[in-house]
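S.K.: Kindly generate the corresponding structure for this input.
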Amino acid sequence: MATTLTTKAQRAEERKKASQNAAASKHAEAGEDAIALLTADHAEVAQWFDEYEDATSDKDKATLSAKICLALTVHTQIEEELFYPSSREATKDEDMIDEAIVEHATAKDLIAQISSMTVGDELYDAKLKVLGEYIRHHVKEEEGEMFPEVQSTNLDLRELGAKLAARKAELMNELSPKQKH
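M.R.: Numbering: from 1, shown residues only. So this is what the prediction gives:
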């Protein structure tokens, strides 16, 4: 179904306001524990996917897709380096963690494809849409199954959250495009 430019603009403005409110609460939550940090990341990326769907200019789409790809690259890396190994040890649930790692591999493949393309290329929008759908599915499983299972263990989520936050900051600094002066 086609969406008018006016409707897209209205929805984009509503989402922008919601995003600003979410960003403020995200900063308050992110320092609490590992699950709060990861959940805040999920919410932020979901917002950017929504904004991408409403974007009407190639410039806006390029900015949003770059943010999405960077955020997901960093997020998957901190989960794989720190959260998943700790969760595997705490829960002893091999299958759940293995499935999440496989889902990450598929997402990383799509991210690599998107990152090698330019807005307007054939299938660019379709790949972003499929990535968004895939990530939403992955997030639903993490937040609905994995996180509750991890919370039921004695894993120190505050300590792990501090490690995740530090590694995330390090990777964001390392992987973010350098500004030209």
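S.K.: Over the helix or strand containing Trp48, what's the mean pLDDT, rounded is fine.
M.R.: Using DSSP states H and E, Trp48 sits within helix 34-54. The pLDDT scores in helix 34-54 average 97.
S.K.: Same question for stretch 154-167.
M.R.: 96.
S.K.: And it, what's buried?
M.R.: Within stretch 154-167, the residues that qualify as buried by neighbour count (16 or more other C-beta atoms under 10 Å) are Leu155, Leu157, Leu160, Gly161, Lys163, Leu164, Arg167. All C-beta atoms are positioned from the backbone trio N, CA, C, and that covers glycine.
S.K.: sorry, back to before: and the helix holding Trp48, what does it pack against?
M.R.: Helix 34-54 sits against helix 5-30, helix 58-78, helix 124-141, helix 147-151, helix 157-175, with contacts defined as 3 or more C-beta pairs under 8 Å, 6 or more residues apart in numbering; DSSP states H and E.
S.K.: Name the residues that touch the second one?
M.R.: What that stands for is helix 58-78. For helix 58-78, contacts defined as C-beta atoms under 8 Å, 6 or more residues apart in numbering pick out 38, 41, 44-45, 48-49, 51-52, 55, 104, 107-108, 111, 114-115, 118-120, 125, 128, 131, 135, 164, 167-168, 171-172, 175-177.
S.K.: let's see it at 6 Å
M.R.: 41, 45, 48, 51-52, 55, 104, 111, 114-115, 119-120, 128, 164, 167-168, 171-172 (C-beta atoms under 6 Å, 6 or more residues apart in numbering).
S.K.: do the third one as well
M.R.: Taking contacts as C-beta under 6 Å, 6+ apart, the residues outside helix 124-141 that touch it are His42, Phe49, Tyr52, Ser65, Glu103, Ala107, Leu110, Gln113, Ile114, Met117.
S.K.: give me the element Met96 is part of.
M.R.: helix 94-115.
S.K.: Tell me what angle that helix forms with helix 124-141.
M.R.: With axes from the mean of the first three to the mean of the last three C-alpha atoms, to 10 degrees as the basis, helix 94-115 and helix 124-141 are set at 160 degrees to each other.
S.K.: Helix 94-115 - what's its average pLDDT?
M.R.: 97.
S.K.: worst average pLDDT in the helices and strands packed on helix 34-54?
M.R.: Across the helices and strands packed on helix 34-54, helix 5-30 has the smallest mean pLDDT, namely a mean of 48.
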